[in-house]
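Student: Below are the sequence and a predicted model for it; my questions follow.
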Amino acid sequence: MKRHSVLIPTVLTFLLGIPLAVLLWKAPLLPPNAVREGDLVDFLFRLIAAIAGFVFALIVSFVGYSLIAFRRRPGDTSDGPPMHGNVPLEVTWTVVPLLVIFGVGFLGTWVLFEIDRPKPNEMTVRVTGFQFAWLFEYPAYGIRTNELVLPVEQPIKFEVTATDVIHSFWVPEFRMKIDTIPGRINVKRYTPTRIGEYTLRCAELCGAGHYAMLARVRVVSGSEFLQWVAQQSGAQAPEETLSPLAARGKELSDQLGCLACHTTDGSPSVGPTWKGLFGKEEPLADGTTVLVDEAYLRTSILRPGEQIVAGYQNIMPAYEGRLSDEDLEAIIEYIKTLK
Amino acid sequence: MNTLEQLRAKKMRVGWLVGAGLAVTTVVEYYIAVGLARPLVPLAIVALIKAWLIVVYFMHIKQLWTSEEGGH
Amino acid sequence: MRLLWSLGLIRGLVWGIVGTAIGIGFTMLVRMALGKPAWETAPVTFVAAVFGTLAFLAGVGAFADWWRWASGEEAGDPPHHHEGPEWVRYFNFDTDHKIIGVQYTITSLVLMFAAGIMALIMRLELAQSGLQFVTPEQFNSAMGLHGIVMIGSILLGVAGMANYLLPLMLGAPDMAFPRLNALSFWVAPPAAILLFLSLAFGGFDTGWTGYPPLGAVGATGKQFFYLGVFFLGFSSILGAINFITTTLKMRAPGMSMFRMPIFVWGVFAAAWIQLTGTQFIGTSFLMVVLERLLGMGFFDPEKGGDPVLFQHIFWFYSHPAVYIFVLPGLGVISELLPVFVRKPLFGYKWVALSSMGIATVGFLVWAHHMFTVGLPNEANTFFMFTTMLVAVPTGVKFFSWVATMWGGKIEFRTPMLFLLGAFVTFLLGGLTGPFLAVVPVDQYLHDTYFVVGHFHNTMFGGFVFPFLAAIYYWFPKVTGRMYSERLGKVHFWLMLVGFVAQTGSMFQTGLFGMRRRIADYDPSLGFDTIHLIGSIGGYLVFFSMLIFAYNMIRSLVAGEKAPANPWNSRSLEWLLPSPVKGVSWPTPPVVVGHPYDYGVPNATFVRLAPAGGSDRSSQTTTPAHETKEANR
Amino acid sequence: MSTHVSHATYDRLAINRLGLWLFIFSDALIFAILLITRFALFGTSRPEELNQALGLGLTVILLVSSLTAYRAEAAIATGDRSGLLRNLLLTIIFGTLFLVGVVGWEWREAPHLGIVPQEGYGIAFFSMTGLHAFHVLTGVLLLLIVFFNARRGAYGPDNYWGVEAAVKYWHFVDVVWVFFYPALYLVR
């Protein structure tokens, strides 16, 4: 029996493993990071990737070498050498992974507590998820919107919750995600460092419209943020031209998230636009057409699945039992005003 | 037959003893609940004692690792 | 017609339909008696489904012997002879573990194909951004069904292998409880029917996890899903009782725990998880059903409940469940590797105990599915460490396999190729695990396609590839015929390439922020090409499975006769004729050695020593010798 | 384990016992989950209005039934058939009394005390007592089957696995109540 040396696969491991580890350390495998906390996450990610790359090379080198060197030669029907085990070897490959694990684990723990550490002068933003839209509240400014606008370099404390089912607050460029759970308020902290536009994506399956549950996120400079705040505060006041009922409807449709999917300026979105909707003839998915009157709007809000407008998906949640009659009337009144 | 009679008498005696134990622990349990402000841990201990009595003496859990008793 | 009625399956279906009708009538009568409107879909269909399932089982004949016992007759030993054509047995309530094993395996493959079709629907939709073929509801139903039916299929596949092999490998005449064994198989078909019935009642858009509050509202289809899973779990628990009892009490004389074939260790470890964990998913789903039917708000914060509680109960099973699938699969790898390498399994005890280690640690890691739920960071840290701890026993297995191969004489038959496929994919699955174990990184990767890629790799490496290896390997044992080696190899290479392409695309898109469980994705993310590649890979996998099916069916009918021991295996089951007829081991063999002493001169594993003194021993490479206690 | 060459005759009784214990262990976990749920949702709080006398009475009835079940098994193990029948009957009667007490009495009373099955403490109370009552019901049915088989003379001192299994199951149901009673009625 010829003794095979482990030299070749060992050399192979390093020849393969080191470049692979370096490659995985350096490669831009994730989208660009836009928050300070993300730096630590990316560091951990790269570290694990490099270790995994090296282990991959180790196993592949040894298995690959074995497959070639120890394949059965034609005509050979004998058995291999009866090696039953080797305790020092077993102990080695129990203890070494254990040490690596503890190393990575301690780093992970440190990062975890570091990214969740409260920071001075945080700005609080309350996030509410519901089927299938997001609502953002800025308690300091009394603003409620469907678009998340954040000043750069400002530590933000997000308090997230949900009203119906579980959603998850995730901006890929902000790295960490946090579930929004009915009856609970979860906290996550981010400090945006990069001005730009991002997309908030719901990351927990929440029903048929889950895939489309997005919101726009803008990270802007401090001055631009203050401008936006001033604008929003103005916009929150009901416009004079609206009757009190319609103004209430406008406010409601913002709070309930209607405007996340339905535009009021005629531009296309997830659901049909409200501009000029009232009194229009809408083609339905079943081939018929329907006149948009009060009765139709009422059914469509309470039980959206009954009549679907052609070209749209049935993803709107049913508001039956969630809206009082007065609120429903207010919203319909508001839709009527959008000529 | 005589030995069977003796065995029965012994088993019945064990039954009465365990039954008495259960009665006592139940009374103790009730008064713990009435008397203590936070009775959770004592109650848990008493419940474990009761369960132990039943599992060991009524359910013969030892049969699982000794095959002598009740080899019918 | 008489032949048709003699098939338990047909009888069961007819009785099931009648039972369902009775259930509907009964519920409506009770409702009317209580002064409620007679028809309300949710409660009526629920009771009807329970009635239908019980009637199905009664129709199959699952309760016949127990009914006899209850009415005071002697039920006697389960019969081992059978009149009429042999194939009829496979459609009947039969207590022979070999029949049950085949029943399980075939059902598992049928379900695997059905769930595969669901995957094809999803891959078709995802090949391009935009919604082309299905609505989001249909997509979600396909996705949930793919998940849960695959899980069911894997559970049945594990049970199939375990049932067929355990008594043969342990030298036992049959399983410990043959009737219970047959019952636990026959619970599965109605459970599968219930899962697919959910489509007729609006589907379920929760995915296989069925999280409330989403699961507690909406279409009645979800109830069928919960009920189907509940019954599957029931079947799994009953099966586990059999596996554990058989392993502990029915081993041949001389077979100590550390002389058992390593596959039995895998099943034994998995069975403990099945026995204990499965109650958790069953009960958590039952609680959601109670919430739906009776309004008991276990998980509704407005009624004093808590949605997170569900996740704790659910994952306490559903994480260890992964090990139910993987441990027997890894057992297959450890079992077959020595045969094709012609060397003893390296570090037998370590490999055996690592299975128990994984099963134990597996119960301490559940909350790593909940790193984004907002648990206290102290808890998150604990679960991070326990989760990474799983890597240690898994690593022991992996390194032991490498050491087993080292210096051997590797023969590349089809089962061996599938073992290598399992190696590669399980390695990829294993190495992507630590990313998800480390909390901050997981908070990025959670619920992305990276996770999807990770668990598909562990499932394929830990179960699907080993399962296929096992089917190829034991096909001659079960049928007495050989499969086509050439088609087997084509199957393997197509499957490997397709699978790597598919999960590669999953890793790639997941890292870049592709969320799980979405019917459509943003074209601006630039995923179209890579998703298309993934879809092609997925279709390739399915196509390769069609080749597999063809190979199996053709070889069953026209394959060449298999030799008595085509692999020169030392294992017990190859000492019996193929296929095994009647009682598996009417007289147990006597174990005198170690199962994997390949290359050890004069080593003997067992002696078949009935009267007469003509010993047949399991020596494979050296001529029969006077038996000698192996020195280990 | 030594290598004794013998035609292994499997110890059927030991196999049956292990199987039954495994089933009981698995079943016990359902109750454990409900117990966990009860404490996870409501801590150690409980409404004051629970009928303490009824709770204590039910507990005593169930414990006494366990004693009679034990006596039934001990009787047949020592060849006393009439003792078996008498004690089985007593156990069945006590079990039925318990069922009537929980479902017929306590459940009718509880909603008037402000516990609605759909919210608050009622979730825990009704699911726990309900599932337990279901097990009591199956236990009574099993004991009835055994009782009628025993009347036909099916069991003897060498052959009473049916009695033993039903009685073990009955004790298990009792053990569950041992934990449920303080968790539902007594903790604070």
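Tutor: That came through, no problem. Residues are numbered from 1 along each chain as shown, chains lettered A, B, ... in the order given.

Student: Tell me the residues of chain B that contact chain D?
Tutor: Within chain B, the residues that sit near chain D (CB under 8 Å from any CB of the partner chain) are B:1, B:4-5, B:7-8, B:11-12, B:15-16, B:18-19, B:22-23, B:26, B:29-30, B:32-33, B:37-40, B:43-44, B:46-47, B:50-51, B:54-55, B:57-59, B:61, B:63-64, B:67, B:70-72. C-beta coordinates here come from the backbone N, C-alpha and C atoms, glycine included.

Student: Selection in ChimeraX covering whichever of those residues are buried, please.
Tutor: This is the ChimeraX syntax for the buried subset of the residues of chain B next to chain D, where burial follows 16 or more other CB atoms under 10 Å in any protein chain shown:
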select /B:8,11,12,15,18,19,22,26,29,30,32,33,39,40,43,46,47,50,51,54,55,57,58,59,63
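
Student: Of the residues of chain B next to chain D, which belong to helices?
Tutor: B:4-5, B:7-8, B:11-12, B:15-16, B:18-19, B:22-23, B:26, B:29-30, B:32-33, B:40, B:43-44, B:46-47, B:50-51 (DSSP state H).

Student: if I pick the closest residue to chain A within chain D, what's in contact with it?
Tutor: The nearest approach of chain D to chain A comes at D:L41, 11.6 Å away (CB to the nearest CB). D:L41 makes contacts with C:298, C:304-306, C:309, D:123-124, as judged by CB atoms under 8 Å, 6 or more residues apart in numbering or on different chains.

Student: which among those residues are in contact with chain A?
Tutor: Restricting those to those near chain A by CB under 8 Å from any CB leaves C:D306.

Student: so A:M83 sits right up against C:F346, yeah?
Tutor: Yes: assessed by CB atoms under 8 Å, A:M83 is found in contact with C:F346 at 6.3 Å.

Student: Which one of the contacts of D:L41 is nearest to C:V590?
Tutor: C:L309 (52.7 Å; CB to CB).

Student: Past the host helix or strand of that closest one, which element shows up next along the chain?
Tutor: For C:L309, the enclosing helix or strand under DSSP states H and E is helix C:307-341. As assigned by DSSP H and E, the chain's next helix or strand after helix C:307-341 is helix C:348-361.

Student: Specify the angle between that following helix and helix C:307-341 in degrees.
Tutor: Computed by axes from the mean of the first three to the mean of the last three CA atoms, to 10 degrees, the angle separating helix C:348-361 from helix C:307-341 equals 170 degrees.

Student: buried sites along helix C:348-361?
Tutor: In helix C:348-361, counting by 16+ other CB under 10 Å, buried: C:348, C:350-355, C:357-359, C:361.

Student: For it, name the packing helices and strands.
Tutor: Judged by 3 or more CB pairs under 8 Å, 6 or more residues apart in numbering or on different chains; DSSP states H and E, the packing partners of helix C:348-361 are helix C:262-294, helix C:307-341, helix C:391-405.

Student: which pair in the buried residues of helix C:348-361 spans the largest distance?
Tutor: Pairwise over the buried residues of helix C:348-361, using CB to CB, the maximum falls at C:Y348 and C:V361, 20.5 Å.

Student: Run through who's touching the helix or strand bottoming out on mean pLDDT in chain D.
Tutor: The weakest-scoring helix or strand in chain D, judged by mean pLDDT, DSSP states H and E, is helix D:107-109 (a mean of 85). Residues from elsewhere that reach helix D:107-109 (CB under 8 Å, 6+ apart): D:51, D:54, D:126, D:129.

Student: Just say helix, strand or coil for the last one.
Tutor: Pointing back at D:T129 there. Counting by DSSP: H, G, I helix; E, B strand; the rest coil, the backbone at D:T129 sits in helix.

Student: List the contacts of the closest residue to it other than its chain neighbours.
Tutor: Closest residue to D:T129 apart from its sequence neighbours, by CB to CB, 6 or more residues apart in numbering or on different chains: D:V102 at 5.4 Å. Each residue near D:V102 by CB under 8 Å, 6+ apart is listed here: D:58, D:129, D:132-133, D:136.

Student: wait, what's in contact with the most centrally placed residue in chain A?
Tutor: Centroid check for chain A by CA atoms, centre = their mean gives A:W170 as the closest residue, at 2.7 Å. Going by CB under 8 Å, 6+ apart, A:W170 touches A:177-178, A:200-203, C:447, C:515.

Student: Quick check: can you list the domain ranges of the chain?
Tutor: All of this refers to chain A. A:7-66+A:92-115, A:123-235, A:238-337 (automatic domain parsing).

Student: actually chain C
Tutor: According to automatic domain parsing, the domains of chain C span C:2-70, C:94-558, C:587-632.

Student: So which of those domains is the most surrounded?
Tutor: Most buried of the domains of chain C by mean neighbour count (mean count of other CB atoms under 10 Å in any protein chain shown) is domain C:94-558; its value is a mean of 22.

Student: how far does that one stretch from start to finish?
Tutor: End-to-end distance of domain C:94-558 (CA to CA, to the nearest Å): 27 Å.

Student: what's the average pLDDT for it?
Tutor: For domain C:94-558, the mean pLDDT works out to 94.

Student: same check, this time on stretch D:86-98
Tutor: The model assigns stretch D:86-98 a mean pLDDT of 96.

Student: Any part of that stretch near chain B?
Tutor: No: with CB under 8 Å from any CB as the criterion, chain B is not reached by stretch D:86-98; the gap is at least 9.8 Å.

Student: buried stuff in that stretch?
Tutor: By 16+ other CB under 10 Å, the buried positions in stretch D:86-98 come out as D:87-92, D:94-98.

Student: who touches the residue of the stretch 201-339 of chain A found nearest chain C in this structure?
Tutor: Chain C sits closest to A:Y211 of the stretch 201-339 of chain A, with a gap of 3.6 Å, by CB to the nearest CB. Going by CB under 8 Å, 6+ apart, A:Y211 touches C:136, C:515, C:518-521.

Student: Quick check: the farthest pair among these?
Tutor: Taking CB to CB, no two of these sit farther apart than C:P136 and C:R515, at 13.3 Å.

Student: show me where the stretch 1-150 of chain C has strands.
Tutor: In the stretch 1-150 of chain C, no strands are defined using DSSP state E, counting those that start in this stretch.

Student: quick one on the thing from earlier: where does the residue of chain D closest to chain A sit, in terms of helix or strand?
Tutor: Per DSSP H and E: helix D:12-42 holds D:L41.

Student: Tell me which helix or strand comes right after that helix.
Tutor: Next in line after helix D:12-42, if elements are assigned by DSSP H and E, sits helix D:52-77.

Student: Now the stretch 201-339 of chain A against chain B: closest residue?
Tutor: For the stretch 201-339 of chain A, CB to the nearest CB, closest residue to chain B: A:E204, 34.9 Å.

Student: would you say that residue is within a helix?
Tutor: No: the assignment for A:E204, made by three-state DSSP, is coil rather than a helix.
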